[in-house]
Structure formats: C-alpha cells, structure tokens
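Novice: generate coordinates for the sequence data below:
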Amino acid sequence: MAFFLQKSSLASHLRSSYQKREGSLAVPSRAFHVELGDREKALLAEDPSLRRFKSYKKSVWRLKSIGDVLTIVVVAGCCYEIYVRAVMREEARNQAKAAGASE
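Specialist: As a prediction, this is how the structure comes out:
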C-alpha cells in the first residue's frame, strides 16, 4: 500500500501542496499597516449627496419583520383550517355512527 502511495500522482500532488503551504507560513500573508493617504481618506469620507441612499437598511429591516409576521399569520391560519376540518370530519363520523346505530 505504501508503494502505491509513493508512486501515485495524487500523493505527490498532496505532498507538494503541503510543502507550498508550509513554506508560505514563514512569510506573513498580511502586510504591515500603512497609514491611508489623502486620496484614500477622501474616498472613504461620508458624502452628503449619497446620504439619502443609506436609509434603505431600516426599510429593509421593517419589510423583513412585516414579512415574518405575515408568514406566521398565514401558517397559523392554515393550521387552524386543518384543525377545523378535522373536527368537522370527526363530528360528521360521530353523527353517521349515531344515525346508523339508531336505525
């Protein structure tokens, strides 16, 4: 079994990818912190003309909560309808049994 693992291309690929990862651990993948320049600060600054487009988050949250409430109401209504039909069917069976036994 060890002979096949040494000769297979899969094992050599795994071995080479492991060595690549091991070598990359010595060099940090993240660079050191560098202070932002004037252009980057200007791009990240809040733009008053775009302020009106940032208010959509509250409306999305409100719409989502309304949707959740409506979903709960619909599911509760369906459960109630199923319950009412089951009770009506049971009452119909009981009345049929009572009518059949009295005849």
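Novice: SS state for Phe32?
Specialist: At Phe32 the chain is in coil, as set by DSSP: H, G, I helix; E, B strand; the rest coil.
Novice: per-residue pLDDT, it?
Specialist: We have a pLDDT of 73 for Phe32.
Novice: do the one 5 residues further on as well
Specialist: At Gly37, the pLDDT value in this model is 89.
Novice: rounded mean pLDDT for the longest helix belonging to the chain, please.
Specialist: Determined from DSSP state H, the single longest helix within the chain is helix 56-102. Computed over helix 56-102, the mean pLDDT rounds to 92.
Novice: so Leu43 versus Ile66, what's the distance?
Specialist: Leu43 is 36 Å from Ile66, where distance means Cβ to Cβ, to the nearest Å. In this view, the C-beta of every residue, glycine as well, is placed from N, C-alpha and C.
Novice: check Cys78 too.
Specialist: Cys78 is 19 Å from Ile66, by Cβ to Cβ.
Novice: next one: Ser59
Specialist: Applying Cβ to Cβ to Ser59 and Ile66 gives a distance of 10 Å.
Novice: hey, what's in contact with both of these two?
Specialist: Residues touching both Ser59 and Ile66 (Cβ atoms under 8 Å, 6 or more residues apart in numbering): none.
Novice: contacts only, for Val34.
Specialist: Applying Cβ under 8 Å, 6+ apart, no residues qualify as near Val34.
Novice: next up, phi/psi of it, please.
Specialist: Taking degrees, to the nearest 10, you get phi -120, psi 130 for the backbone angles of Val34.
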